[in-house]
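K.L.:
dropping a prediction and its sequence here:
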Amino acid sequence: MHKLSTKKAFVAYFLFGWLLLIVADRVDELRVYQGATIAVTTLAIASIILLTGYSGQVSLGQGAFLAVGAYAAALSQTFWQSPFWFTLLIAILVSAAFGFILAFAAGRMSGPYLAGTTLALAVGLPTLANQFSFLGGETGLVYDAGLPPERFGEEFTLYKWFFWIAAFVVLIAMFLLRNLLNSRFGRTWKALRANSTAASLCGVNVAQSKITAFTISAGVAGLAGALLGMVSIVAPSAFPLSLSFTIITGAILAGVTSLLGSMLGAVILVVIPEIADVIAHQLGDSEKITTNLPGFIVSVLLILTVLFSPNGPAEAMRKRKEQHAKH
Amino acid sequence: MISLRRKKSILAAVAVTSFALVASAVPANAEVGVSSTEIKLGTTVPMTGIAAPGYSKVAPAMKAYFEYINDNGGVYGRKINLVIKDDRYIPQEAINKTNELILKDKVFALVGQLGTANHLAVTSKVRIASRNIPSLFLNTGYSGFADVKKFRTSFMHFPTYVAEAKILSSYIKENFTGKKTCLLVQNDEFGADAEKGFATAGLTFDETVKYVSGTQSATTAQTWITRFAGAKCEVVVLFSVSSATAAALGVASAAGYKPQWILGSVGADSTTLKIALNNPQAQALLNGAIGVSFMPDALDTTDEYVKLFREVNTKYSPGVDFDTNVLVGMNAAMLTVQALRAAGQNPTRRSLITAMERKGSTFASAAYGNLAVSRTSRAGFTGYWFGKFNLAGALIPLDAGRTVYTTDSATGPVTKASAKRAALPAKGIPTNS
Amino acid sequence: MRQLIGTLLIGLTLGSIYSLMALALVLVWRSTRVVNFAQAGQAIVTTYIAYEIVTRTGVFWLAVLFAVVAGALLGAGVEYFLMRTLFRHVDEGPVAALAPVIATLGLLGVIKSIVGMIWGNDFRSFYPPVSTDNFVLFGESIPFSRFNVLVILSTTVVMIIFSFIFQRTDLGLSLRAAAFQPEIARLAGIRVGPIRTIGWVFAGVAGAIAGVLITPNDVLSPASLDVLLVFGFVAAVIGGLESLPGAVLGGVVLGIGVSFVLNYVGTTLIFPTVFVVLLLALIFKPNGLLGAKKVRSA
């Protein structure tokens, strides 16, 4: 199996980022806003892929880690007046620490027990904001990346600024994750996922590897959460249970084993409501149809994916190719 | 394998690019949302979800009144087109839907949105102030929105919750001294603002129950009533949204618990009670409760404004029960028409805001008293009158003269208001400029 | 004292309904090793059917009958058309073990959006068959009504019927055998397929009853049973996921816990409490309150 060398991959990521900048300059503000959403969702999906696709653990509550990251970032901005880049760092560290503690407590859990615990966490954690006044209640906390520098001019909108930041941070994070997955860690996780008994016989510390994967995944989710907080708000309503389900859906649609696929998953999640809008207009603009069609399409796609291509399009393609090579 | 990886990344890049390039061009009009034939306005309100009963009628009522105006020549020949989006009373949704209104529907201004937390989220994240997007006649009484420095482009419709709480306090202190008094409030800015008003007026409660918006149901109301009854509260102030007021009254009635109810104006609507409790007789639960209002009662057909709005409602929203929510919506719409006219023949966002500042306090409306808007304040109405609900759910003034009380949102005293209400424009069609 | 009794009684009522949902999840888990998130969706459909019957005829019991039959049919349908196809297709790959769970999550979304398209997203409600007026005890009103009695009685009856089937009938034996040792069960001549379907049918019935019982005290919307699903799942996990009495006990424990938080702390801490209760239960009683000594694994 050939892989791009790290250097070549860096060039590829750089070119892609440059392309994004050019595109962002030429499109409507709405598309730029959606672009920022895609970038954030990409990172959130990547955190699931890391956890589920590589180490075989299921989290139904990834939204909770996003919430931890967002609140950590917002609190550090509110109380310490930290510079923006530092709040992102805080988001990663705090949510990773939180993930580590949870992984430790949930160490022996697997399958439905882990799913249940993370589910209850996703439902429960954001509501804590209503209990402690320093968390800002339903209105939430103010968290932003500041206004775009003045030398970018009047035309440089706030959403373009958000998009620049999100795209930049996500590209760096994805590049680092790619390198991590190609390292010893990534190989260990893959071995675990394939066969944990065999892996432990080969000297892999199963529990420790799982905790590491959980921790890193939580950190990545925390970063995604902080960026989400920048684009939208840091409040309980920004982290509903449906967010966790959406992220999982994106990961499955993208093919849960491919890091690059996470971008495809994010694009699908943002494009589907647009498509649904068009279809709903064709069907006569009924409020009932308009509001429910996106959910319907996404859910049907999800079921079809697990039925016909459970490991994602990328994995299916790989398999076909292997079979092809055999003949 | 290398080709596959490349293919994948190229595929992804193409997907993003092509998606991005479908973008539509920005129209080169003089002002966003104003064409030669149309003025496009937008609003986000709870059309579904926990706060929908009652509040879902506000935006359609505005639309109905705008259609009435459109059929009568529009605003300087332009028809008003109101785009309504459902925010389910959730701040995150309000942000998404407001962004859609601004970026996709390209509305000229926002009107009549509901919910304190929602508008706080919208102002902090969509940044309508720095983008100079007007937001007229907010149907919320959070006193913070009166601050012109923070919310330059937002204008209030409701009196502030602080003022309402201060006026309620003066009544309670005068009439119920020595009785155990308790309070139900929402656990957010809406509730905090009310508590601030009660505290300013020096009223303390023997028991205060706070509920989280979205959790109100018969089950949670059971626990509120258990606590009120347990504390032997004789006077209970329900400073809550309609669905919570309904749940509290319903459960209390089942429990045979009958304190003197005092209702905040936000959640005191008898038709909403009927819907929320799915019980045609539910408005009788209000019987004997004391309430305040800054507008005439929706069931008071002797009032010229109510009479006109009822006619518009019958014609443009057939089948819709006329209630306080419809009255509030139509009143906001009538004010909006006057604001648009005051902004000139070719309104811009800037001229609309200037018009609100200069002429807002002269606009005719069903409310008792004038808007307190000025260059230094974004406040809405300021006066309240007291009444008692009858068996049919109508609020009957406590005194024949319908004394209107007024106060500020700071520490000022509660006084009797003197300002007279402006007469209804002919046929309810404003002709101001 | 009055508040304490009230708290316990509210908790018992809540707990009964959580128990029914937990029962449904446990029944499916035992028969197919799947956590069925679509259970809330199935229950929402049957509850809307009940809503239609109640508002048209006014006869509550007819509505319950229709809901139960619809619940049974839906359960069978999901197992037969979706789960069987899924198990045929998915046998390898990293997400093979996850596929059925994800599919039920997708099904939940499909059902909720279809329900939304038919009935809209607005809130609806229907009247309980018996009075919700509180009983008066020693001159004091306690938060317990005829309707609460009905809820608790219904749960108990369902529980007794299920226990009887599982412990005392051949069908029950087959159900248990198919769950624990499908291969051996098959060799012993038990037709594992139909037996699994029956597990889903029972679950559908329990879920349908839960939906009909919780709605008169709450509101009905496409998403209104999501919270019940979470509580039911947590109750099932506390009870050990395998045991029917465990699910009921888990539900009651959770219900009383939630009621105490509601009454003494406030609504804000309900969901964090649920999480803490679950975590504590998993740490100190990893096999469930009534679970076997067997080491837990998926």
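P.N.:
Ah, there it is.
K.L.:
wait, what's in contact with the residue of chain B found nearest chain C?
P.N.:
Closest to chain C within chain B is B:Thr48: 3.6 Å, counting by CB to the nearest CB. Every residue, glycine included, has its C-beta placed from N, CA and C. The neighbours of B:Thr48, taking CB atoms under 8 Å, 6 or more residues apart in numbering or on different chains as the test, are A:291, B:56, B:86, B:88, C:120-123, C:221.
K.L.:
quick one: pLDDT of it?
P.N.:
At B:Thr48, the model reports a pLDDT of 77.
K.L.:
is it fair to say it lies in a strand?
P.N.:
No. B:Thr48 is assigned coil when assessed by DSSP: H, G, I helix; E, B strand; the rest coil, not a strand.
K.L.:
now do the same contact list for the residue nearest to it when sequence neighbours are not counted.
P.N.:
Spatial nearest neighbour of B:Thr48, chain neighbours left out: C:Asn121 (3.6 Å); criterion: CB to CB, 6 or more residues apart in numbering or on different chains. C:Asn121 makes contact with A:288, A:291-292, B:47-49, B:86, C:221-222 under the criterion CB under 8 Å, 6+ apart.
K.L.:
just the buried residues of these.
P.N.:
If you count burial by 16 or more other CB atoms under 10 Å in any protein chain shown, the buried members of these come out as A:288, A:291-292, B:47-49, B:86, C:221-222.
K.L.:
just the helices in the stretch 1-150 of chain B please.
P.N.:
Listed in chain order, the helices of the stretch 1-150 of chain B (DSSP state H, counting those that start in this stretch) span B:2-21, B:52-55, B:58-70, B:91-99, B:116-125.
K.L.:
who are the packing partners of the fourth one?
P.N.:
Using 3 or more CB pairs under 8 Å, 6 or more residues apart in numbering or on different chains; DSSP states H and E as the contact test, the elements touching helix B:91-99 are strand B:38-45, strand B:79-86, helix B:116-125.
K.L.:
so which of those comes closest to chain A?
P.N.:
Closest among the helices and strands packed on helix B:91-99, once you apply CB to the nearest CB, is helix B:116-125, at 4.6 Å.
K.L.:
so that closest one, near chain C or not?
P.N.:
No. Counting by CB under 8 Å from any CB of the partner chain, chain C has no neighbours in helix B:116-125; the shortest distance is 14.7 Å.
K.L.:
now stretch B:223-232
P.N.:
Yes. Stretch B:223-232 reaches chain C (CB under 8 Å from any CB) through B:223, B:225-227, B:229-230.
K.L.:
one step back: possible to save the helices and strands packed on helix B:91-99 as TSV with mean pLDDT and distance to A:Ala221?
P.N.:
Converted to TSV, those look like this (pLDDT from 0 to 100; distance: least, CB to CB, whole Å):
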stretch	mean pLDDT	distance to A:Ala221
strand B:38-45	96	29
strand B:79-86	94	29
helix B:116-125	89	21
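K.L.:
and stretch B:305-325, how far out from the chain's middle?
P.N.:
18 Å (CA atoms, centre = their mean, to the nearest Å).
K.L.:
cool, stretch A:97-109 as well?
P.N.:
The gap between where stretch A:97-109 is centred and where its chain is centred comes out at 20 Å by CA atoms, centre = their mean.
K.L.:
tell me where the model's unsure across chain A.
P.N.:
When residues are selected by pLDDT under 70, those of chain A lie in A:1-4, A:107-108, A:154, A:194-196, A:285, A:310-327.
K.L.:
where's C:Ala177, which helix or strand?
P.N.:
Assessed by DSSP states H and E, C:Ala177 sits inside helix C:170-180.
K.L.:
got the residues of the stretch 151-300 of chain A near chain C?
P.N.:
A:193-194, A:241, A:245, A:248-249, A:252, A:256-257, A:287-289, A:291-293, A:295-296, A:298-300.
K.L.:
quick check on those: which are buried?
P.N.:
Buried among those by 16+ other CB under 10 Å: A:193, A:241, A:245, A:248-249, A:252, A:256-257, A:288-289, A:291-293, A:295-296, A:298-299.
K.L.:
and chain B, which of those contact it?
P.N.:
Okay, of these touching chain B (CB under 8 Å from any CB), that's A:Thr291.
K.L.:
which SS class is the residue at minimal distance from the centre of chain A?
P.N.:
Geometric centre of chain A, nearest residue: A:Ala44, 0.7 Å, by CA atoms, centre = their mean. Following three-state DSSP, the label given to A:Ala44 is helix.
K.L.:
and it, how close does it get to A:Ala207?
P.N.:
26 Å (CB to CB, to the nearest Å).
K.L.:
so which bits of the longest helix along chain C are buried?
P.N.:
Determined from DSSP state H, the single longest helix within chain C is helix C:2-32. Residues of helix C:2-32 classed as buried by neighbour count (16+ other CB under 10 Å): C:3, C:6-32.
K.L.:
by contact count, what packs against the next helix or strand after that helix?
P.N.:
Where DSSP H and E defines the elements, the next helix or strand beyond helix C:2-32 is helix C:38-57. Secondary-structure packing of helix C:38-57 (3+ CB pairs under 8 Å, 6+ apart): helix C:2-32, helix C:60-77, helix C:99-119, helix C:192-214, helix C:226-238.
K.L.:
tell me which of those helices sits most buried.
P.N.:
With neighbours taken as mean count of other CB atoms under 10 Å in any protein chain shown, the helices and strands packed on helix C:38-57 reach their highest mean count in helix C:226-238, at a mean of 27.
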